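Visitor: could you work out the structure for the sequence below:
(one chain, ligands or ions: 1)
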Amino acid sequence: MNDLTAPSPDPIAKLLIVGGGSAGWMAAAMLSRVLGSATEITLVESEAVGIVGVGEATIPPIRQFNRFCGIDEAQFLSATQATFKTGIQFEGWGKPGDSYIHAFGRVGQELDAVVRMHHWWRMGQAADLPDYPRFEELYLGRAATDLQRFGIDTDRPGKLAQLLPHAYHFDAIAYGQFLRGLCEQRGVKRVEGMVASANRNAETGDLTGVTLEDGRVLEAELFIDCSGFRSLLLGDALNQPFEDWSHWLPSDRAVVVQSTPTSEKILPTTRAIAHPVGWQWRIPLQNRIGNGHVYASDFSSDEDAEARLLETIDGQVTTQPRILRFRTGRRKMAWSHNVIALGLAAGFLEPLESTSIHLVQSSIERLVELFPSRGTDPALRDRFNAQTEREWKQVRDLIIAHYTINQRDDSEFWKHCATMQIPDSLKETLQLWEENGQLAIDGGHLFQLGSWAQVLIGQNLLPKRVHPLTSRAEPDAIAARIRKLAASLRQEAEVLPDHAAFIRQFRNSEAN
Ligand SMILES: Cc1cc2nc3c(=O)[nH]c(=O)nc-3n(C[C@H](O)[C@H](O)[C@H](O)COP(=O)(O)OP(=O)(O)OC[C@H]3O[C@@H](n4cnc5c(N)ncnc54)[C@H](O)[C@@H]3O)c2cc1C
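Guide: Residues are numbered from 1 along each chain as shown. Now for the predicted structure:
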């Protein structure tokens, strides 16, 4: 009989992380927590290269990551100038002038346990009430955004957390530094230096170490490539091919600036505002607003993009416009030999649904689950790669859906998006939705039915048929119940604290 208590025969003794952006420090934070002192973790980064530093909007699972890493929420809020985020408001995405929210959390209340809410809502439309609520009004995030309110309920634990789960907007540079402090306390060694080359075992092709420009060599058994767009280990050293998705997502640049807030109120929501070429984000932190305009260089010059961004900014611009270039897609295998790439070194999807930092998080969690011993077991690697690929493609499809389902024809860019080819997986999802109001998303999807339904309905793609079981009820009766639900959510939002005041109070709780 096998001895199931036997430790792994050859545990990893030395792990090297290349890169100290959000990806590198998130990896160091989580791995130092799980590996303890058995594995020596070193992180090498170069201040001369710097970090991208614009990952400012997140989605709710980041809270689990922070909790797991032992981060106190109030301290984190202070250190990173963070605000609470309840969803993303999409403006001008269906037609110019349209607006809808993709709120986190559950619909306010399901009408029954059999037929999902969007069918009842659609059926209630037949009653033709003048003040019939929009679908998004069945989410608490809608009213909380309108009123700029936010709270975490301590009296009725669970209820508010389900209806209004939160993520954050934060200063990505400060987040990295915050994690760095934590990691260094836990014994992670930081090396300042420029990686010049990677050294490989001639027989296996595995990496053995990296050589820095000053000649120092850092050896390890497992390598985490967090070197950003350069992809120094997975891309350069191992030559892992890049799967280009730019034919589905044509934007390839962003111009970014920061500005001062114009109001004491703080929106608990990211704004994603469509432009004639691409879109613009507006992300409120406690002390500033982060702004960026994602655009396609095939359809706009950099100068025009910068002008479009600057003319929409309401506060005072406090930084020089900075242009970032990117290519959408991913390395075919995020784990090759003894190298696992995270973050921009693994690939890039534009931040329309604030998913990049999440993809870093989920890959780290997957790595922990499948953590290898010395000498990579191909079965663990293959499973990691298959799961990672599936997750990226699922997120990719939701992002493409925003572009392909639009009724804009006010620019060549939007005409191109409306007629471009889309992946078969997305085609299948949209067909089933349009014909039957069902979604072809089986288990394990980051974005579940509620998210897809908000986006598709918000962009005016309504199912042609409602669920046959809705015929059990009269449209008038259902419409009245839906109207009541929307009104009750509004009342629920009205008793929430003002978002800015809530942040101040939350931060003060740290000082006490
Ligand atoms: C326009 C834009 C907007 C974005 N917005 C969001 C958002 O709202 N939400 C979200 O979740 N994500 C967003 N992202 C993505 C997010 O910024 C990144 O996924 C995240 O910051 C992780 O970056 P990274 O750590 O992989 O890379 P980087 O931040 O680029 O870090 C790379 C690291 O590698 C080091 N390095 C590189 N070369 C060398 C070398 N030769 N030697 C030593 N060190 C080296 C650098 O010093 C640096 O420390 C956005 C990205 C872009 C481009």
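
Visitor: can I see the domain layout of this structure?
Guide: Domains of the chain are assigned by automatic domain parsing as 14-54+171-242+331-378, 57-73+87-168+423-512, 253-320.

Visitor: is the ligand within reach of the last one?
Guide: Yes: for a cut-off given as CB under 6 Å from any ligand atom, domain 253-320 has contacts with the ligand, namely 254, 292. C-beta: built from backbone N, CA, C; applies to glycine.

Visitor: report the distance from that domain to the chain centre.
Guide: 18 Å (CA atoms, centre = their mean, to the nearest Å).

Visitor: mean neighbour count and mean pLDDT added to the domains of the chain, as TSV?
Guide: Formatted as TSV, the domains of the chain follow (neighbours: other CB atoms under 10 Å; pLDDT from 0 to 100):
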stretch	mean neighbour count	mean pLDDT
domain 14-54+171-242+331-378	20	96
domain 57-73+87-168+423-512	18	92
domain 253-320	19	97
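
Visitor: of those, which is nearest A401?
Guide: Evaluated with CB to CB, these place domain 57-73+87-168+423-512 nearest to A401, the distance being 6.3 Å.

Visitor: how close does the most centrally placed residue in the chain sit to A38?
Guide: By CA atoms, centre = their mean, the mean C-alpha position of the chain lies nearest to T355, the distance being 1.7 Å. Taking CB to CB, to the nearest Å as the measure, T355 falls 32 Å from A38.

Visitor: if we can go back for a sec, wait, the residue nearest to the centre of the chain touches I59, no?
Guide: Yes: using CB atoms under 8 Å, T355 is in contact with I59, at 6.7 Å.

Visitor: common neighbours of these two, please.
Guide: Listed as contacting both T355 and I59 by CB atoms under 8 Å, 6 or more residues apart in numbering are L446.

Visitor: before we move on, the earlier item: could I get the domains of the chain as TSV with distance to V395?
Guide: Output for those, formatted as TSV (distance: least, CB to CB, whole Å):
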stretch	distance to V395
domain 14-54+171-242+331-378	5
domain 57-73+87-168+423-512	6
domain 253-320	15
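
Visitor: ok, which of these comes nearest Q387?
Guide: Using CB to CB, these put domain 14-54+171-242+331-378 closest to Q387, at 5.8 Å.

Visitor: show the end-to-end separation of the closest one, please.
Guide: Distance across domain 14-54+171-242+331-378, first residue to last, is 20 Å (CA to CA, to the nearest Å).

Visitor: then stretch 133-152?
Guide: Note: stretch 133-152 ends 26 Å apart using CA to CA.

Visitor: start at 54, not 1
Guide: With 54 as the first residue, the last one maps to stretch 186-205.

Visitor: and it, how far from the chain's centre?
Guide: On CA atoms, centre = their mean, the centre of stretch 186-205 falls 20 Å from that of its chain.

Visitor: is the longest helix seen in the chain up against the ligand anywhere?
Guide: Scanning the chain for the helix with the most residues, using DSSP state H, yields helix 431-457. No: Helix 431-457 does not reach the ligand (CB under 6 Å from any ligand atom); its nearest approach is 11.0 Å.

Visitor: other SSEs contacting that helix?
Guide: Contact analysis of helix 431-457 by 3 or more CB pairs under 8 Å, 6 or more residues apart in numbering; DSSP states H and E lists strand 388-389, helix 409-422, helix 465-472, helix 477-489, helix 502-511 as its packing neighbours.

Visitor: and the third one, how far from the chain's centre?
Guide: Relative to the chain's own centre, helix 465-472 is displaced by 25 Å; criterion: CA atoms, centre = their mean.

Visitor: now do that helix against helix 431-457, angle only.
Guide: Interaxial angle of helix 465-472 relative to helix 431-457 (axes from the mean of the first three to the mean of the last three CA atoms, to 10 degrees): 120 degrees.

Visitor: need the contact partners of helix 465-472.
Guide: Defining contact as CB under 8 Å, 6+ apart, one finds that helix 465-472 is touched by 303, 329-331, 349, 352-353, 456-457, 459-462.

Visitor: go with 10 Å
Guide: Outside helix 465-472, the residues that touch it by CB atoms under 10 Å, 6 or more residues apart in numbering are 149, 301-304, 327-331, 348-349, 351-353, 453, 455-462, 464.

Visitor: can you show me the strands along the stretch 304-453 of the chain?
Guide: Per DSSP state E, counting those that start in this stretch, the stretch 304-453 of the chain carries strands over the ranges 306-312, 323-328, 331-337, 342-348, 375-378, 382-384, 388-389, 392-394, 400-401.

Visitor: partners of the last one in the sheet?
Guide: Same thing as strand 400-401. strand 382-384 (antiparallel) (DSSP bridges).

Visitor: for the fourth one, same thing?
Guide: When pairing is defined by DSSP bridges, strand 342-348 lines up against strand 306-312 (antiparallel), strand 331-337 (antiparallel).

Visitor: make CSV out of those strands and add distance to E487.
Guide: Output for the strands paired with strand 342-348, formatted as CSV (distance: least, CB to CB, whole Å):
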stretch, distance to E487
strand 306-312, 32
strand 331-337, 24
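
Visitor: how about the residues of the stretch 104-253 of the chain by the ligand?
Guide: 104-105, 107-111, 225, 247-248.

Visitor: again, 5 Å this time
Guide: Contact residues (CB under 5 Å from any ligand atom) of the stretch 104-253 of the chain with the ligand: 104-105, 107-110, 247-248.

Visitor: now for the residues you listed, which pair is the farthest apart?
Guide: Within those (distances taken as CB to CB), the two that end up farthest apart are A110 and M247, at 30.4 Å.

Visitor: what's the first-to-last distance across stretch 89-103?
Guide: End-to-end distance for stretch 89-103: 28 Å, by CA to CA.

Visitor: next one: it to chain centre, how far?
Guide: Per CA atoms, centre = their mean, the centroid offset for stretch 89-103 relative to its chain is 24 Å.
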